[in-house]
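> give me coordinates for this.
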Amino acid sequence: MEFNHISVLLEESVNALDIKPDGIYADCTAGGGGHSAEVLKHLGENGRMILFDRDPDAIETVTNRFKDDNRVTVIHSNFSEIKKVLAELGVNGVDGIIADLGVSSHQLDTAERGFSFHYDAPLDMRMSQQGTTAEDIVNSYSQKELFNVISKYGEEKFASSVANAIVRAREKKRIETTLELAEIVSNAIPAKFRRNGHPARKTFQAIRIEVNAELTVLESTLPDMFEVLNKDGVLAIISFHSLEDRIVKNGMAEAAKGCTCPPNFPVCVCGKKPKVKLVSRKPIVSGEEELERNPRARSAKLRICEKI
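Alright, predicted model coming up:
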């Protein structure tokens, strides 16, 4: 199935990479190949582009899209494997990494993938199309576990009510579809709070993040991304909600820190040196022209750092 996705902050993120014609670049979330195609325009015949994605639909799409380009290597894997995969490929370092996090337009708009509360479909939400589904989680997690997921990953203030409603509903019948879950969640939220967007949005986000371990993977892989960058290499990450952005912001800031010794120490004893420098302290966001073309870009934030 073709992977249709509008690349967000395309020009800004690719320009940030400051592409060398003979450089090696990694796209950690290949999707439909939009960012990679733009990078390839700037690469010479000796340049190289390594694409990662865990979604089989994305892998099929980019494999077909770039089948005649010998500069491209497509890897069917979560980007958490970037360090291991590069070593297996004999690549000692890359000159730039781009990652466009979160759920894609294709995943949201393909009803049977079960990501959206707008379509009636099986509760799936798996980016890799393997492993634990959203249906498994809503029917097997305890009330406390559901509360923790919905509260932490959805930042839903009615998480307790939603978790209780899910447990009560599944006692009568297994919850199997997206619209079933959306209705249960909507009814658990007080009427006056249902007006600002779909009432199930935060819960669906939370369960999707849990299914795909999105934040765990991001947090644990950031250090590997810093490590595999060559000197002056650039890391550009696009996030779509505050939880992702916080991890990226804090991870880059921590990597940019130098000595952590107390100010009264005459000499440094910690030996810590900054790994990267921040290209900008504030995130880059979409302009009005892009928002008119793609309203989903409204929440996108691009953060950039450069290897020292």
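
> would you map the strands across the stretch 151-300 of the chain?
Along the stretch 151-300 of the chain, the stretches classed as strands by DSSP state E, counting those that start in this stretch are 229-239, 276-278.

> just those strands: most buried one?
Counting by mean count of other C-beta atoms under 10 Å, strand 229-239 has the highest mean neighbour count of the strands of the stretch 151-300 of the chain, with a mean of 22. In this view, the C-beta of every residue, glycine as well, is placed from N, C-alpha and C.

> hang on, the earlier thing: any idea which of the strands of the stretch 151-300 of the chain gets closest to R298?
Ranking the strands of the stretch 151-300 of the chain by their distance to R298 (criterion: C-beta to C-beta) puts strand 229-239 first, at 12.7 Å.

> now do the end-to-end distance for stretch 254-274.
The first residue of stretch 254-274 is 8 Å away from its last residue (C-alpha to C-alpha, to the nearest Å).

> buried ones in that stretch, by neighbour count?
Under the neighbour-count criterion of 16 or more other C-beta atoms under 10 Å, stretch 254-274 has A255, A256 buried.

> ok so, going back, which among the strands of the stretch 151-300 of the chain is found nearest to K83?
strand 229-239 (11.1 Å).

> circling back: can you put the strands of the stretch 151-300 of the chain in JSON lines and add distance to Q129?
Formatted as JSON lines, those follow (distance: least, C-beta to C-beta, whole Å):
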{"stretch": "strand 229-239", "distance to Q129": "23"}
{"stretch": "strand 276-278", "distance to Q129": "34"}
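
> output those strands as JSON lines; include the columns mean pLDDT and distance to V149.
Converted to JSON lines, the strands of the stretch 151-300 of the chain look like this (pLDDT from 0 to 100; distance: least, C-beta to C-beta, whole Å):
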{"stretch": "strand 229-239", "mean pLDDT": "98", "distance to V149": "19"}
{"stretch": "strand 276-278", "mean pLDDT": "97", "distance to V149": "32"}
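
> please list all residues in contact with the most centrally placed residue in the chain.
By C-alpha atoms, centre = their mean, the chain has its centre lying nearest to L101, at 2.1 Å. The contact partners of L101, taken as C-beta atoms under 8 Å, 6 or more residues apart in numbering, are T29, E214, L218, I237, I238, S239, F240, E244.

> V217 and T73, how far apart?
Going from V217 to T73 by C-beta to C-beta, to the nearest Å gives 21 Å.

> typo on my end, it should be G44
Counting by C-beta to C-beta - G44 and T73 are separated by 16 Å.

> what do you get for A188?
A188 is 47 Å from T73, by C-beta to C-beta.

> what segments of the stretch 1-150 of the chain are helices?
For the stretch 1-150 of the chain, the helices defined by DSSP state H, counting those that start in this stretch cover 10-16, 34-42, 56-65, 82-89, 105-109, 134-140, 143-154.

> can I get the CA coordinates of the last one in CSV?
Coordinates of the C-alpha atoms in helix 143-154 are reproduced here as CSV (Å, rounded to 0.1, in the frame of the first residue of the first chain):
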residue,chain,number,x,y,z
GLN,A,143,-7.5,0.3,35.9
LYS,A,144,-4.3,1.7,37.5
GLU,A,145,-2.2,0.8,34.4
LEU,A,146,-4.7,2.5,32.1
PHE,A,147,-4.9,5.6,34.3
ASN,A,148,-1.1,5.8,34.3
VAL,A,149,-0.9,5.6,30.5
ILE,A,150,-3.7,8.0,29.8
SER,A,151,-2.5,10.5,32.4
LYS,A,152,1.2,10.4,31.5
TYR,A,153,1.0,10.0,27.7
GLY,A,154,-2.3,11.8,27.0
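
> buried residues in that helix?
L146, F147, N148, V149, I150, S151, Y153, G154.
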